[in-house]
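Undergrad: Sequence and predicted model, in that order:
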Amino acid sequence: MLAHRLTRIALWTLAALAVLAFATFLWLRQTPAWAGITLFWESHRVENFRAMDRVFPDRPVTRGDSVWAFDRAPAPLPATFVFDGAPRDLATFLDRTETTGLIVVHRGAITHEEYRQGADETSPFTSWSMAKSVLSALIGIAVEDGHIESIRDPIGAYVPALAGSGYGDVPIEDALTMSSGVAFDEDYENPLSDINMLFIRAMAMGVPAEETLAGLDRVRAPGTYNDYVSSDSMALGLVLEAATGMAPADYLSSRLWGPMGAEADATWSTDRAGREFALCCLNATLRDWARFGRLYLDGGAREGRQIVPADWVAASVAPTAPHLQPGDNPASFWTFGYGYQWWIPEDPQGDFLAIGVWGQYLYVDPAREVVIAKTSADPAFDDNDHESVAAFRAIAQAVAGE
(Lines give C-alpha, C1' and ligand atoms only; values in the text may rest on other atoms or scores of the structure.)
Protein backbone atom coordinates (compact mmCIF):
# COMPACT_ATOMS: atom_id res chain seq x y z
CA MET A 1 0.00 0.00 0.00
CA LEU A 2 2.82 2.40 0.90
CA ALA A 3 4.57 1.63 -2.39
CA HIS A 4 1.45 2.49 -4.40
CA ARG A 5 1.03 5.73 -2.46
CA LEU A 6 4.66 6.72 -3.10
CA THR A 7 4.27 5.89 -6.78
CA ARG A 8 1.17 8.11 -7.03
CA ILE A 9 3.00 10.94 -5.26
CA ALA A 10 5.96 10.57 -7.60
CA LEU A 11 3.71 10.60 -10.68
CA TRP A 12 1.81 13.65 -9.47
CA THR A 13 5.12 15.39 -8.70
CA LEU A 14 6.44 14.66 -12.19
CA ALA A 15 3.19 15.88 -13.74
CA ALA A 16 3.35 19.10 -11.71
CA LEU A 17 6.96 19.65 -12.75
CA ALA A 18 6.05 19.04 -16.39
CA VAL A 19 3.23 21.59 -16.18
CA LEU A 20 5.55 24.06 -14.45
CA ALA A 21 8.23 23.55 -17.11
CA PHE A 22 5.72 24.03 -19.92
CA ALA A 23 4.32 27.15 -18.25
CA THR A 24 7.85 28.52 -17.84
CA PHE A 25 8.52 27.80 -21.52
CA LEU A 26 5.35 29.66 -22.57
CA TRP A 27 6.21 32.57 -20.29
CA LEU A 28 9.77 32.81 -21.59
CA ARG A 29 8.50 32.92 -25.19
CA GLN A 30 6.60 36.10 -24.33
CA THR A 31 9.57 37.86 -22.75
CA PRO A 32 12.57 39.70 -24.28
CA ALA A 33 14.78 36.94 -22.85
CA TRP A 34 13.47 34.48 -25.45
CA ALA A 35 15.24 36.25 -28.31
CA GLY A 36 18.49 36.05 -26.37
CA ILE A 37 17.99 32.37 -25.58
CA THR A 38 17.34 31.55 -29.25
CA LEU A 39 19.90 34.00 -30.66
CA PHE A 40 22.18 31.37 -32.20
CA TRP A 41 19.64 28.62 -32.82
CA GLU A 42 19.87 27.34 -36.38
CA SER A 43 16.18 28.05 -36.93
CA HIS A 44 16.45 31.63 -35.63
CA ARG A 45 19.91 33.11 -36.20
CA VAL A 46 19.45 34.31 -39.81
CA GLU A 47 16.43 36.36 -38.83
CA ASN A 48 17.94 37.43 -35.50
CA PHE A 49 21.10 38.75 -37.15
CA ARG A 50 19.02 41.32 -39.06
CA ALA A 51 16.60 42.04 -36.22
CA MET A 52 18.88 42.60 -33.26
CA ASP A 53 16.44 45.12 -31.81
CA ARG A 54 14.42 42.09 -30.70
CA VAL A 55 17.43 40.66 -28.89
CA PHE A 56 19.06 43.66 -27.20
CA PRO A 57 18.08 47.24 -26.48
CA ASP A 58 19.86 49.71 -28.74
CA ARG A 59 20.81 53.33 -29.26
CA PRO A 60 20.13 55.02 -32.62
CA VAL A 61 22.93 56.06 -34.96
CA THR A 62 21.38 58.67 -37.22
CA ARG A 63 22.41 59.36 -40.78
CA GLY A 64 23.10 62.83 -42.15
CA ASP A 65 21.41 64.88 -44.85
CA SER A 66 23.73 63.99 -47.72
CA VAL A 67 24.12 60.42 -48.98
CA TRP A 68 27.45 59.32 -50.44
CA ALA A 69 26.08 57.82 -53.64
CA PHE A 70 27.41 54.78 -55.44
CA ASP A 71 27.52 54.51 -59.20
CA ARG A 72 26.49 51.25 -60.87
CA ALA A 73 28.75 49.17 -63.09
CA PRO A 74 27.43 45.58 -63.09
CA ALA A 75 30.08 42.91 -63.57
CA PRO A 76 29.97 39.13 -63.07
CA LEU A 77 31.63 37.42 -60.16
CA PRO A 78 34.37 34.92 -61.01
CA ALA A 79 33.08 31.37 -61.25
CA THR A 80 35.96 29.95 -59.22
CA PHE A 81 38.80 30.87 -56.91
CA VAL A 82 41.86 29.00 -55.73
CA PHE A 83 42.27 27.87 -52.13
CA ASP A 84 44.74 25.34 -50.73
CA GLY A 85 46.09 24.85 -54.23
CA ALA A 86 42.77 23.73 -55.68
CA PRO A 87 39.95 25.51 -57.54
CA ARG A 88 36.79 26.15 -55.58
CA ASP A 89 33.35 27.03 -56.91
CA LEU A 90 32.38 30.50 -55.69
CA ALA A 91 28.62 29.92 -55.79
CA THR A 92 29.02 26.77 -53.71
CA PHE A 93 31.20 28.66 -51.23
CA LEU A 94 28.57 31.40 -50.84
CA ASP A 95 25.89 28.77 -50.22
CA ARG A 96 28.00 26.75 -47.81
CA THR A 97 28.90 29.77 -45.69
CA GLU A 98 25.21 30.73 -45.36
CA THR A 99 25.66 34.11 -47.00
CA THR A 100 22.88 36.62 -46.35
CA GLY A 101 24.32 39.56 -48.31
CA LEU A 102 27.21 40.31 -50.65
CA ILE A 103 28.21 43.63 -52.18
CA VAL A 104 31.23 44.47 -54.33
CA VAL A 105 32.32 48.05 -55.01
CA HIS A 106 35.03 49.06 -57.51
CA ARG A 107 36.12 52.67 -57.84
CA GLY A 108 32.93 53.88 -56.18
CA ALA A 109 30.58 51.80 -58.33
CA ILE A 110 28.60 48.76 -57.19
CA THR A 111 29.52 45.91 -59.49
CA HIS A 112 27.57 43.21 -57.64
CA GLU A 113 24.89 43.25 -54.95
CA GLU A 114 22.80 40.34 -53.78
CA TYR A 115 20.68 39.42 -50.79
CA ARG A 116 19.70 35.99 -49.56
CA GLN A 117 17.61 34.19 -46.96
CA GLY A 118 14.94 36.88 -46.76
CA ALA A 119 17.27 39.89 -46.52
CA ASP A 120 17.12 42.98 -48.73
CA GLU A 121 18.83 46.35 -49.13
CA THR A 122 17.03 47.74 -46.06
CA SER A 123 18.09 44.94 -43.70
CA PRO A 124 20.17 46.17 -40.73
CA PHE A 125 22.80 43.41 -40.64
CA THR A 126 24.55 43.05 -37.32
CA SER A 127 28.29 43.47 -37.31
CA TRP A 128 29.39 41.30 -34.44
CA SER A 129 33.08 42.18 -34.19
CA MET A 130 33.23 44.29 -37.36
CA ALA A 131 32.12 47.05 -34.99
CA LYS A 132 35.62 46.98 -33.51
CA SER A 133 36.99 48.57 -36.69
CA VAL A 134 34.38 51.34 -36.45
CA LEU A 135 35.37 51.84 -32.81
CA SER A 136 38.98 52.21 -33.93
CA ALA A 137 37.96 54.98 -36.34
CA LEU A 138 36.16 56.78 -33.51
CA ILE A 139 39.25 56.58 -31.30
CA GLY A 140 41.28 58.12 -34.13
CA ILE A 141 38.74 60.92 -34.54
CA ALA A 142 38.75 61.51 -30.77
CA VAL A 143 42.54 61.91 -30.88
CA GLU A 144 42.19 64.40 -33.74
CA ASP A 145 39.48 66.26 -31.81
CA GLY A 146 41.78 66.57 -28.79
CA HIS A 147 39.64 64.41 -26.51
CA ILE A 148 42.45 61.85 -26.21
CA GLU A 149 45.88 63.39 -25.77
CA SER A 150 47.89 60.35 -26.79
CA ILE A 151 47.23 56.70 -27.50
CA ARG A 152 50.19 55.96 -25.23
CA ASP A 153 48.10 57.28 -22.32
CA PRO A 154 47.07 54.55 -19.85
CA ILE A 155 43.45 53.45 -19.94
CA GLY A 156 43.12 54.13 -16.21
CA ALA A 157 43.77 57.83 -16.81
CA TYR A 158 40.43 58.04 -18.63
CA VAL A 159 38.44 55.35 -16.81
CA PRO A 160 39.03 55.69 -13.04
CA ALA A 161 37.08 52.49 -12.36
CA LEU A 162 39.88 50.59 -14.13
CA ALA A 163 42.78 52.51 -12.59
CA GLY A 164 43.71 49.77 -10.14
CA SER A 165 42.88 46.85 -12.41
CA GLY A 166 44.77 44.83 -14.98
CA TYR A 167 43.83 47.53 -17.48
CA GLY A 168 44.93 50.45 -15.29
CA ASP A 169 48.34 51.13 -16.86
CA VAL A 170 47.73 49.48 -20.25
CA PRO A 171 48.33 52.06 -22.99
CA ILE A 172 45.35 52.73 -25.23
CA GLU A 173 47.44 51.66 -28.23
CA ASP A 174 48.04 48.21 -26.79
CA ALA A 175 44.29 47.69 -26.38
CA LEU A 176 43.83 48.85 -29.98
CA THR A 177 46.20 46.11 -31.14
CA MET A 178 44.77 43.41 -28.84
CA SER A 179 48.02 43.38 -26.92
CA SER A 180 46.90 44.40 -23.44
CA GLY A 181 48.23 41.27 -21.75
CA VAL A 182 44.93 40.92 -19.88
CA ALA A 183 43.56 37.39 -19.53
CA PHE A 184 40.11 36.95 -21.08
CA ASP A 185 38.45 33.73 -22.23
CA GLU A 186 36.91 34.33 -25.70
CA ASP A 187 35.41 30.84 -26.02
CA TYR A 188 31.81 31.31 -27.18
CA GLU A 189 31.06 27.60 -26.79
CA ASN A 190 31.80 27.68 -23.06
CA PRO A 191 28.71 29.12 -21.32
CA LEU A 192 30.85 30.27 -18.39
CA SER A 193 33.61 31.88 -20.48
CA ASP A 194 34.52 35.51 -19.87
CA ILE A 195 32.90 36.68 -23.11
CA ASN A 196 29.61 34.96 -22.33
CA MET A 197 29.65 36.09 -18.71
CA LEU A 198 30.28 39.68 -19.85
CA PHE A 199 26.96 39.58 -21.73
CA ILE A 200 25.13 37.72 -18.97
CA ARG A 201 26.36 40.06 -16.25
CA ALA A 202 25.48 43.14 -18.29
CA MET A 203 22.12 41.96 -19.64
CA ALA A 204 20.66 39.73 -16.93
CA MET A 205 22.37 41.03 -13.81
CA GLY A 206 22.79 44.73 -14.61
CA VAL A 207 26.51 44.71 -13.79
CA PRO A 208 28.35 47.66 -15.40
CA ALA A 209 31.02 46.68 -17.92
CA GLU A 210 33.76 48.47 -16.01
CA GLU A 211 33.03 46.31 -12.95
CA THR A 212 33.46 43.15 -14.99
CA LEU A 213 36.64 44.43 -16.64
CA ALA A 214 38.05 45.55 -13.29
CA GLY A 215 38.03 41.93 -12.16
CA LEU A 216 40.33 40.75 -14.96
CA ASP A 217 44.01 40.03 -14.33
CA ARG A 218 46.96 40.82 -16.53
CA VAL A 219 49.14 37.81 -17.34
CA ARG A 220 51.88 39.40 -19.48
CA ALA A 221 53.39 42.79 -20.22
CA PRO A 222 51.36 44.98 -22.57
CA GLY A 223 52.55 45.35 -26.15
CA THR A 224 54.36 42.02 -26.37
CA TYR A 225 51.80 39.44 -27.57
CA ASN A 226 48.76 39.65 -29.85
CA ASP A 227 45.88 37.82 -28.20
CA TYR A 228 42.38 38.55 -29.47
CA VAL A 229 40.27 39.47 -26.43
CA SER A 230 37.06 41.48 -26.77
CA SER A 231 37.56 42.99 -23.34
CA ASP A 232 40.23 45.22 -24.94
CA SER A 233 37.56 46.68 -27.24
CA MET A 234 35.13 47.09 -24.35
CA ALA A 235 37.82 49.02 -22.47
CA LEU A 236 38.33 51.23 -25.53
CA GLY A 237 34.61 51.96 -25.59
CA LEU A 238 34.81 53.12 -21.98
CA VAL A 239 37.79 55.34 -22.89
CA LEU A 240 35.89 56.85 -25.82
CA GLU A 241 32.80 57.56 -23.71
CA ALA A 242 34.82 59.11 -20.89
CA ALA A 243 37.07 61.17 -23.16
CA THR A 244 34.33 62.62 -25.38
CA GLY A 245 31.60 62.88 -22.77
CA MET A 246 29.26 61.29 -25.32
CA ALA A 247 27.73 57.89 -25.83
CA PRO A 248 29.66 56.09 -28.58
CA ALA A 249 26.55 55.89 -30.78
CA ASP A 250 26.06 59.65 -30.54
CA TYR A 251 29.72 60.31 -31.32
CA LEU A 252 29.47 57.93 -34.26
CA SER A 253 26.40 59.72 -35.58
CA SER A 254 27.89 63.19 -35.42
CA ARG A 255 31.50 62.52 -36.37
CA LEU A 256 31.37 59.58 -38.80
CA TRP A 257 28.00 58.13 -39.83
CA GLY A 258 26.47 61.42 -40.88
CA PRO A 259 29.60 62.94 -42.47
CA MET A 260 30.35 59.64 -44.24
CA GLY A 261 27.02 59.86 -46.06
CA ALA A 262 25.27 56.74 -44.78
CA GLU A 263 21.96 56.17 -46.54
CA ALA A 264 20.19 54.67 -43.52
CA ASP A 265 20.08 55.06 -39.78
CA ALA A 266 21.89 52.35 -37.85
CA THR A 267 21.61 51.13 -34.27
CA TRP A 268 24.18 50.08 -31.71
CA SER A 269 23.05 47.35 -29.31
CA THR A 270 23.32 48.18 -25.61
CA ASP A 271 23.02 46.53 -22.26
CA ARG A 272 19.89 47.04 -20.15
CA ALA A 273 21.37 50.26 -18.73
CA GLY A 274 21.80 51.76 -22.21
CA ARG A 275 25.57 51.41 -22.65
CA GLU A 276 26.77 50.28 -26.06
CA PHE A 277 28.51 46.93 -26.46
CA ALA A 278 31.58 48.57 -27.97
CA LEU A 279 33.02 45.17 -28.83
CA CYS A 280 30.24 44.33 -31.28
CA CYS A 281 26.70 44.70 -32.44
CA LEU A 282 26.51 47.73 -34.72
CA ASN A 283 23.53 47.10 -37.00
CA ALA A 284 23.59 48.67 -40.47
CA THR A 285 22.69 48.05 -44.10
CA LEU A 286 25.11 46.26 -46.39
CA ARG A 287 25.57 49.38 -48.50
CA ASP A 288 26.52 51.42 -45.45
CA TRP A 289 29.04 48.78 -44.42
CA ALA A 290 30.48 49.16 -47.92
CA ARG A 291 30.55 52.94 -47.47
CA PHE A 292 32.63 52.56 -44.32
CA GLY A 293 35.02 50.34 -46.26
CA ARG A 294 35.11 52.91 -49.06
CA LEU A 295 35.99 55.58 -46.53
CA TYR A 296 39.09 53.59 -45.50
CA LEU A 297 39.86 52.79 -49.13
CA ASP A 298 39.99 56.56 -49.72
CA GLY A 299 42.28 57.20 -46.77
CA GLY A 300 39.50 58.31 -44.42
CA ALA A 301 38.10 60.93 -46.79
CA ARG A 302 34.79 61.35 -48.55
CA GLU A 303 35.05 63.32 -51.79
CA GLY A 304 37.97 65.35 -50.46
CA ARG A 305 36.55 65.89 -46.95
CA GLN A 306 38.69 64.21 -44.31
CA ILE A 307 36.53 62.33 -41.79
CA VAL A 308 38.94 59.85 -40.23
CA PRO A 309 42.49 61.28 -40.04
CA ALA A 310 44.57 59.98 -42.95
CA ASP A 311 47.56 59.13 -40.76
CA TRP A 312 45.27 57.19 -38.44
CA VAL A 313 43.91 55.12 -41.31
CA ALA A 314 47.44 54.38 -42.53
CA ALA A 315 48.68 53.38 -39.07
CA SER A 316 45.57 51.28 -38.41
CA VAL A 317 46.19 48.88 -41.28
CA ALA A 318 50.00 48.78 -41.49
CA PRO A 319 51.29 47.39 -38.16
CA THR A 320 55.03 47.58 -37.57
CA ALA A 321 55.51 45.76 -34.24
CA PRO A 322 56.83 42.19 -34.64
CA HIS A 323 54.03 40.58 -32.62
CA LEU A 324 51.40 42.05 -34.97
CA GLN A 325 52.76 40.66 -38.22
CA PRO A 326 50.81 38.10 -40.28
CA GLY A 327 52.09 34.60 -40.91
CA ASP A 328 53.59 32.05 -38.56
CA ASN A 329 54.26 34.29 -35.57
CA PRO A 330 55.19 32.91 -32.13
CA ALA A 331 54.15 36.20 -30.54
CA SER A 332 50.61 36.02 -31.90
CA PHE A 333 47.69 33.71 -31.29
CA TRP A 334 46.84 33.50 -35.02
CA THR A 335 48.26 33.74 -38.51
CA PHE A 336 46.45 36.95 -39.47
CA GLY A 337 48.21 40.17 -38.53
CA TYR A 338 46.53 42.90 -36.54
CA GLY A 339 46.44 46.69 -36.68
CA TYR A 340 44.20 49.08 -34.79
CA GLN A 341 41.22 46.69 -34.61
CA TRP A 342 41.72 45.69 -38.27
CA TRP A 343 42.97 42.33 -39.59
CA ILE A 344 45.87 41.91 -42.03
CA PRO A 345 45.67 38.62 -43.96
CA GLU A 346 48.60 36.36 -44.70
CA ASP A 347 50.75 37.02 -47.78
CA PRO A 348 50.05 40.77 -47.46
CA GLN A 349 48.98 42.61 -50.59
CA GLY A 350 48.06 45.87 -48.89
CA ASP A 351 44.57 44.53 -48.22
CA PHE A 352 42.89 44.46 -44.82
CA LEU A 353 39.55 43.54 -43.34
CA ALA A 354 37.13 43.70 -40.46
CA ILE A 355 35.80 40.34 -39.27
CA GLY A 356 32.83 39.38 -37.13
CA VAL A 357 31.82 35.95 -35.85
CA TRP A 358 29.36 33.91 -37.92
CA GLY A 359 30.98 35.16 -41.12
CA GLN A 360 30.71 38.95 -41.21
CA TYR A 361 33.40 40.57 -43.37
CA LEU A 362 34.39 43.98 -44.66
CA TYR A 363 37.31 43.56 -47.06
CA VAL A 364 39.32 46.45 -48.50
CA ASP A 365 41.86 46.16 -51.32
CA PRO A 366 43.39 49.61 -51.97
CA ALA A 367 45.65 48.43 -54.82
CA ARG A 368 42.63 47.26 -56.82
CA GLU A 369 40.25 49.94 -55.44
CA VAL A 370 37.79 47.28 -54.31
CA VAL A 371 35.56 47.00 -51.25
CA ILE A 372 33.60 43.83 -50.45
CA ALA A 373 31.09 43.37 -47.64
CA LYS A 374 29.67 39.94 -46.83
CA THR A 375 27.18 39.07 -44.11
CA SER A 376 26.46 35.48 -43.12
CA ALA A 377 25.12 33.06 -40.54
CA ASP A 378 27.96 30.59 -40.98
CA PRO A 379 28.31 28.09 -38.10
CA ALA A 380 31.80 27.13 -39.37
CA PHE A 381 33.05 30.72 -39.46
CA ASP A 382 36.27 29.99 -37.57
CA ASP A 383 37.29 27.48 -40.22
CA ASN A 384 36.44 29.70 -43.20
CA ASP A 385 38.38 32.94 -42.65
CA HIS A 386 41.33 31.97 -44.83
CA GLU A 387 39.10 30.64 -47.59
CA SER A 388 37.01 33.82 -47.42
CA VAL A 389 40.10 35.94 -48.00
CA ALA A 390 41.00 33.78 -51.00
CA ALA A 391 37.50 34.32 -52.39
CA PHE A 392 37.63 38.08 -51.80
CA ARG A 393 41.01 38.37 -53.48
CA ALA A 394 39.73 36.47 -56.50
CA ILE A 395 36.68 38.73 -56.73
CA ALA A 396 38.86 41.85 -56.44
CA GLN A 397 41.22 40.63 -59.14
CA ALA A 398 38.34 39.80 -61.47
CA VAL A 399 36.60 43.14 -60.94
CA ALA A 400 39.90 44.99 -61.52
CA GLY A 401 40.36 43.12 -64.78
CA GLU A 402 43.35 41.02 -63.76
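TA: It's in. The structure presented is a predicted model; accordingly, all values stated were derived computationally and were not measured. Numbers count the residues shown, from 1 in each chain.
Undergrad: Quick check: V46 is in a helix.
TA: Yes: V46: assigned to a helix according to DSSP: H, G, I helix; E, B strand; the rest coil.
Undergrad: can you count the residues close to it?
TA: 19 (other C-beta atoms under 10 Å). Using the backbone N, CA and C atoms, a C-beta is placed for each residue, glycine as well.
Undergrad: Might you report the residue contacts of it?
TA: Under the criterion of C-beta atoms under 8 Å, 6 or more residues apart in numbering, the contact partners of V46 comprise 98, 100, 117-118, 377.
Undergrad: Go again with 10 Å.
TA: With contact taken as C-beta atoms under 10 Å, 6 or more residues apart in numbering, V46 is in contact with 98, 100, 116-119, 358, 375-377.
Undergrad: right, and out of those, which lies closest to V313?
TA: The shortest gap between V313 and any of those belongs to T375, at 23.3 Å (C-beta to C-beta).
Undergrad: what is the closest one paired to in the beta sheet?
TA: G101 (DSSP bridges).
Undergrad: show me where the stretch 201-350 of the chain has helices.
TA: Under the criterion DSSP state H, counting those that start in this stretch, helices of the stretch 201-350 of the chain are mapped to 209-214, 230-244, 248-252, 258-260, 286-297, 310-316.
Undergrad: Could you list the residues in contact with the third one?
TA: Read that as helix 248-252. Contacts made with helix 248-252 from outside it, assessed by C-beta under 10 Å, 6+ apart, are listed as 58-62, 131, 134-135, 137-138, 141-142, 145, 147, 236-238, 240-241, 243-246, 257-258, 260, 262, 266-270, 274-278, 282.
Undergrad: how about 7 Å then?
TA: By C-beta atoms under 7 Å, 6 or more residues apart in numbering, the list of residues contacting helix 248-252 from outside reads 59-61, 134, 138, 237, 240-241, 244, 268, 276, 278.
Undergrad: can you redo the helices of the stretch 201-350 of the chain as a markdown table with distance to P191 and mean neighbour count?
TA: Output for those, formatted as a markdown table (distance: least, C-beta to C-beta, whole Å; neighbours: other C-beta atoms under 10 Å):
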| stretch | distance to P191 | mean neighbour count |
| --- | --- | --- |
| helix 209-214 | 16 | 19 |
| helix 230-244 | 16 | 24 |
| helix 248-252 | 28 | 24 |
| helix 258-260 | 38 | 20 |
| helix 286-297 | 30 | 24 |
| helix 310-316 | 34 | 18 |
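Undergrad: Distance to T92 and mean pLDDT added to these, as CSV?
TA: Supplementary listing: these in CSV, determined by distance: least, C-beta to C-beta, whole Å; pLDDT from 0 to 100:
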stretch, distance to T92, mean pLDDT
helix 209-214, 41, 95
helix 230-244, 32, 98
helix 248-252, 37, 98
helix 258-260, 34, 98
helix 286-297, 21, 98
helix 310-316, 34, 98
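Undergrad: need these in TSV with distance to I344, can you?
TA: What follows is those, written out as TSV (distance: least, C-beta to C-beta, whole Å):
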stretch	distance to I344
helix 209-214	26
helix 230-244	17
helix 248-252	24
helix 258-260	23
helix 286-297	13
helix 310-316	10
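Undergrad: per-domain residue ranges of this protein.
TA: Under the assignment named as automatic domain parsing, the residue ranges that make up the domains of the chain are 1-31, 52-140+250-399, 148-244.
Undergrad: can you put these in TSV and add distance to W41?
TA: TSV is the format used below for the domains of the chain (distance: least, C-beta to C-beta, whole Å):
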stretch	distance to W41
domain 1-31	13
domain 52-140+250-399	11
domain 148-244	14
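Undergrad: got the contact list for the closest residue to L176 other than its chain neighbours?
TA: Using C-beta to C-beta, 6 or more residues apart in numbering and skipping residues adjacent in sequence, the residue nearest L176 is Y340, 4.3 Å away. Residues in contact with Y340 (C-beta under 7 Å, 6+ apart) are 136, 176-177, 315-316.
Undergrad: and the gap between Y340 and V170?
TA: With the distance defined as C-beta to C-beta, to the nearest Å, Y340 ends up 15 Å from V170.
Undergrad: Correct me if wrong: L236 contacts T177.
TA: No: when contacts are counted by C-beta atoms under 7 Å, L236 is not listed as touching T177 (10.8 Å).
Undergrad: Give the residues shared as contacts by the two.
TA: With C-beta under 7 Å, 6+ apart, L236 and T177 have no common neighbours.
Undergrad: follow-up on the earlier one: which one of the helices of the stretch 201-350 of the chain lies closest to F381?
TA: Across the helices of the stretch 201-350 of the chain, F381 has its closest neighbour in helix 230-244 (15.2 Å, C-beta to C-beta).
Undergrad: so what does the closest one touch, helix or strand wise?
TA: Taking 3 or more C-beta pairs under 7 Å, 6 or more residues apart in numbering; DSSP states H and E as contact, the helices and strands that helix 230-244 lies on are helix 131-144, helix 172-176, helix 209-214, helix 248-252.
Undergrad: Which other helices and strands does the second one contact?
TA: Helix 172-176 sits against helix 230-244, with contacts defined as 3+ C-beta pairs under 7 Å, 6+ apart.
Undergrad: No further queries at this time; thank you.
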